[in-house]
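> Could you work out the structure for the sequence below:
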Amino acid sequence: MSFGLLASFIVFAIIISFSIKKQARRKNINEADFWTKESQANSVRRKSLDGLRYIHIPLEAFPTHLLNDDPDVMDCINILENLTAQKIVNLTGWSNTELKLEYGTANITALSEYDQNYTLLVRTLQKWADALLEAGHGAEASVLMQFAVSTQTDVSRTYYKLADYWISRGEAFRLDQLIHTAEALRSSNRDSILRHLRELL
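Next up, the predicted model:
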């Protein structure tokens, strides 16, 4: 092995070693920060949940009269009917630690339930909207998707299909509304949604 090649190998090994150690230090710091926050969160007392943004489903405004012979559609309607009696809150992007710090450890079970209800809501709305779109009921599907967007859903398909519908109607200017909503999302889907919508403009 030539001296130059050996020197290059040694330098490369030093750089790799430094990088590994740096990543390990960063990981240890992040873990320490996490456990510090978790310890703080576990000592926070229960706080009032009255200030949460509860979501109420306007089922009477939805196209429940369409596709009543479709079992998938009826399943969606039944799910939403059941959800109207539940508490629903969009907590997408919040970690359990953040929720405990904000609202107290004793509320974490209830908050998780509210968030699960929300996830079921927006997935069901899009499933129903897809069935309506496939059957040629674009206007009615848009009602469902617009409601989902108003709750700050992070279901990418909802934004994309609603954007496609508006463009097909010659209303591409309305994409600005979707972009404005997407910019406020806490979700990891935020950037991909924004990128897609901006490409459509």
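
> okay, and for this protein, where does confidence drop off?
Applying pLDDT under 70 to the chain flags the ranges 1-14, 17-19, 21-44.

> And the helices in it?
With DSSP state H as the criterion, the chain has helices at 3-41, 71-83, 96-103, 108-134, 138-150, 156-168, 175-183, 190-200.

> Among those helices, which comes closest to L52?
helix 108-134 (7.5 Å; CB to CB). For glycine as for every other residue, the C-beta is placed from the backbone atoms N, C-alpha and C.

> So which bits of that closest one are buried?
Using 16 or more other CB atoms under 10 Å as the test for burial, helix 108-134 gives 108, 111, 114-115, 117-133.

> Check stretch 155-163 too.
155-163.

> and the gap between the residue nearest the centre of the chain and N78?
Of all residues in the chain, the one closest to the mean position by CA atoms, centre = their mean is D154, 3.4 Å from it. From D154 over to N78 the distance is 24 Å, taken as CB to CB, to the nearest Å.

> repeat for D176
Per CB to CB, D176 is found 35 Å from N78.

> now do V122
Using CB to CB, one gets 17 Å for the distance from V122 to N78.

> Output stretch 62-80 as PDB - backbone C-alpha positions only.
Coordinates of each C-alpha in stretch 62-80 appear next as PDB, following Å, rounded to 0.1, in the frame of the first residue of the first chain:
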ATOM      1  CA  PHE A  62     -73.500  15.800   4.400                       C
ATOM      2  CA  PRO A  63     -74.900  13.800   1.400                       C
ATOM      3  CA  THR A  64     -76.300  10.900   3.400                       C
ATOM      4  CA  HIS A  65     -79.000  10.500   0.700                       C
ATOM      5  CA  LEU A  66     -76.600   9.300  -1.900                       C
ATOM      6  CA  LEU A  67     -75.300   5.800  -2.600                       C
ATOM      7  CA  ASN A  68     -77.400   4.300   0.200                       C
ATOM      8  CA  ASP A  69     -77.100   0.900  -1.500                       C
ATOM      9  CA  ASP A  70     -73.300   0.900  -1.200                       C
ATOM     10  CA  PRO A  71     -72.300  -1.000   2.000                       C
ATOM     11  CA  ASP A  72     -69.000   1.000   2.200                       C
ATOM     12  CA  VAL A  73     -70.800   4.300   2.100                       C
ATOM     13  CA  MET A  74     -73.300   3.100   4.700                       C
ATOM     14  CA  ASP A  75     -70.400   2.000   6.900                       C
ATOM     15  CA  CYS A  76     -68.900   5.500   6.700                       C
ATOM     16  CA  ILE A  77     -72.200   7.100   7.600                       C
ATOM     17  CA  ASN A  78     -72.700   4.700  10.600                       C
ATOM     18  CA  ILE A  79     -69.200   5.500  11.800                       C
ATOM     19  CA  LEU A  80     -69.800   9.200  11.600                       C
END
